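In: I'd like to go over a predicted model; first the sequence, then the structure.
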Amino acid sequence: MKVYNSLTFQKEEFEPMNPNEVLMYVCGPTVYDSPHLGHAKSAVAFDLVRRYLEFKGYDVKLVKNYTDIDDKIIERAQEKDIDYITLSEKYIEEYEEIMTALNLKLDYKNPKATDIIDFMIHVIETLIKKGYAYESNGSVYFAVRTYKGYESIFQNKEGEEEYEDYEIPTDQEPLHGDKYDSKDFVLWKAWKEGEPFWESPWGKGRPGWHIECSCMTVKFLGEKIDIHGGGLDLKSPHHKNEIAQSTAYTGEEIFAKYFLHNGFIEVDQEKMSKSLGNFFLVSDLFKKFNPMVIRFFLISSHYRSSSNFTMDSIKQAETNYQKLLTTIQKVNELTPSGEKNGDLTELSDRIEKTRNGIIRAMDDDFGTPEAIAEIFTFFRELNRVLFEKNINITEEFKENFFTFIEELNEIFGIFPNLEEKLDLGLSEPIGEKDKLIKDLIDLTRDVREALRKRKIYDLSDEIRERLRALGLNIEDK
RNA sequence: GCCAGCGUUUCCGAGCGGUAAGGAGAUGGCCUGCAGAGCCAUUUAUCAUGGGUUCAAUUCCCAUCGCUGGCUCCA
């Protein structure tokens, strides 16, 4: 299989360092606000990568961090006059709830920046010792000029100018605030009145942003990993800095073999932003759409391209998703009674063809849109043969079909709790699905059946309409 | 300003050297007590514009325009 590697600007054959295992790190959110659709896009994109790699037989270890100490968090906590921990805990909890609803698989580890302060201090000390970093006024900076090759990271150009041999001029006064070079970035931030702090060899302070991901990777996955993921906006300088400081620390040639970056959500062809007022929080979208519709929307475009979010496009996703569910429901309701015949054999072949088509698409840098197209093509054929020609199916075919659906669920994660859904015939979640609801639905169905038998259509239609208004789709045979 | 990416039919959205997947919407038809679902057909494409390379370009190269991102916090 091939993946697009941001380091080399091209698709490459995917070969993890260990043939059976994939070590993967994804930059998680800074928890100072509720997750918006962009966070969901990133999270779902890498959940998909992880799922597909697992489907291919790899044992995937995925670490995703929480940045729980940072300027914005401190600022927001001060505004609200609460402790920064209270703030970050609140948003971590919300993030986890939302990602669970979006059917993300659990990560191997979700460390918080503040969990590993000691280790960060150790890494920063090492960087100073090795001559890559310097202390200045209680802060510590990474001197980018000491890192040969810094400017070439993520540069798709030949002959990028690189730094000559350079030693940090610690005997001089810094020219750029506390820094010797404007590009130097902070590893440790000196404490300011009113801010949370940790004790360090350089006095009170807190870690800089870039160092945390490097430290987490090394601490929880090792000095070299296979895949590092994150949003496109993190490429520079965050990932650039991560690579520099990590390899400076470990002395390894590489930090991550493949860097994967996901694209953005746009709204009406414009960037989604608070100032434009076109900002969508996932929690708000959940009020109007099933989380699986959101997930389906997100995987309907390729993870690297930007997706255009409009009310129209999310409704289209809803229609499409429902279309898949409807067909699955219909197959589920069929009672196997037939003998093997030519049509069924052909359909079984179609399952195999579709499976191969999906694998082909996903093997090419996780081509979800093409994979989904394969599913639709197969489902249309399925509908035509099964429900237009009224072919009887066999037990074997039904099993075969549901094994395939289960595979789809493994790869795309779009059919969680399918059995429940099929039993209830629900198109939308209606809150707590318990036995009472199911019984009431059955009751209503029976009443409608009776009415329709006596051709009292106006009444049965009214019941149908009112159920529909409640989010229950009733379809007459 | 510098760097990177994108511009495909009414809409969403693939393809990326041999004249363009899939879905939505719309219209007509089949089916149905009706509706829905489903099926069939049409809408369905001078692939932003202008040059160039090639037997052949939506796909490669150059320029222009438009949009987006990075250069400061950001998924």
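Out: Okay, I see it.

In: Indicate the residue of the stretch 1-150 of chain A located nearest to RNA strand B.
Out: Going by C-beta to the nearest atom of the strand, RNA strand B is nearest to residue A:38 of the stretch 1-150 of chain A, at 2.4 Å. For the C-beta atoms, the positions are set from N, CA and C on the backbone; glycine is no exception.

In: Any idea which residue of chain A lies closest to RNA strand B?
Out: Counting by C-beta to the nearest atom of the strand, chain A gets nearest RNA strand B through residue A:231, at 1.8 Å.

In: That residue: how many residues sit nearby?
Out: 20 (other C-beta atoms under 10 Å).

In: Quick check: beta-bridge partners of it?
Out: In this entry, residue A:231 is beta-bridged to residue A:262, by DSSP bridges.

In: Would you confirm that it contacts residue A:42?
Out: Yes: if you go by C-beta atoms under 8 Å, residue A:231 and residue A:42 touch, sitting 5.1 Å apart.

In: which residues are in contact with both of the two?
Out: Common neighbours of residue A:231 and residue A:42, using C-beta atoms under 8 Å, 6 or more residues apart in numbering, are residue A:262.

In: so what are the domain limits for chain A?
Out: Domain ranges of chain A: A:2-262, A:311-419, A:435-469, per automatic domain parsing.

In: Quick check: which of those is buried the most?
Out: Among these, ranked by average contacts under mean count of other C-beta atoms under 10 Å, first place goes to domain A:2-262 (a mean of 18).

In: And the helices in the stretch 151-300 of chain A, which stretches?
Out: Remark: helices assigned in the stretch 151-300 of chain A by DSSP state H, counting those that start in this stretch are A:209-220, A:240-250, A:282-288, A:291-299.

In: Check which helices and strands the third one is in contact with.
Out: The reference is to helix A:282-288. Applying 3 or more C-beta pairs under 8 Å, 6 or more residues apart in numbering; DSSP states H and E, we find helix A:282-288 packed against helix A:37-55, helix A:84-101, helix A:291-299.

In: Tell me if the next helix or strand after the longest one is near RNA strand B.
Out: Going back to what we said before, that points to helix A:37-55. Note on helix A:37-55: by DSSP states H and E, the next helix or strand toward the C-terminus is strand A:59-64. No: using C-beta under 7 Å from any atom of the strand, strand A:59-64 never reaches RNA strand B; the gap is at least 10.1 Å.

In: So which residues make contact with strand A:59-64?
Out: Strand A:59-64 has contacts (C-beta under 8 Å, 6+ apart) with A:20-28, A:43, A:46, A:50, A:53-54, A:107-111, A:216-217, A:220-221.

In: Same list, those residues, but only the ones touching RNA strand B.
Out: Restricting the contacts of strand A:59-64 to those near RNA strand B - C-beta under 7 Å from any atom of the strand - leaves A:27, A:28.

In: did I read that right, residue A:4 in a helix?
Out: No: according to DSSP: H, G, I helix; E, B strand; the rest coil, residue A:4 belongs to no helix; its state is strand.

In: Can you tell me who it pairs with across the strands?
Out: residue A:11.

In: Pipe the helices of the stretch 151-300 of chain A into a markdown table and attach mean pLDDT and distance to residue A:437 per row.
Out: A markdown table is the format used below for the helices of the stretch 151-300 of chain A (pLDDT from 0 to 100; distance: least, C-beta to C-beta, whole Å):
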| stretch | mean pLDDT | distance to residue A:437 |
| --- | --- | --- |
| helix A:209-220 | 91 | 43 |
| helix A:240-250 | 91 | 49 |
| helix A:282-288 | 91 | 20 |
| helix A:291-299 | 93 | 19 |
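
In: Might you enumerate the residues of the stretch 201-350 of chain A proximal to RNA strand B?
Out: So the stretch 201-350 of chain A meets RNA strand B at A:209, A:230-238, A:262-266, A:269-273, A:300-302, A:305-308, A:310, A:312-313, A:315-316, A:319-320, A:323, A:326-327, A:330 (C-beta under 7 Å from any atom of the strand).

In: Wait, residue A:4 touches residue A:259, no?
Out: No: if you go by C-beta under 8 Å, residue A:4 and residue A:259 don't touch, sitting 9.4 Å apart.

In: Touching stretch A:326-339 from outside, list them.
Out: With C-beta under 8 Å, 6+ apart as the test, stretch A:326-339 has contacts from A:344, A:379, A:382-383, A:386-387, A:391-395, A:397-398, A:401-402, A:405, A:415, A:418, A:421-422, A:425.
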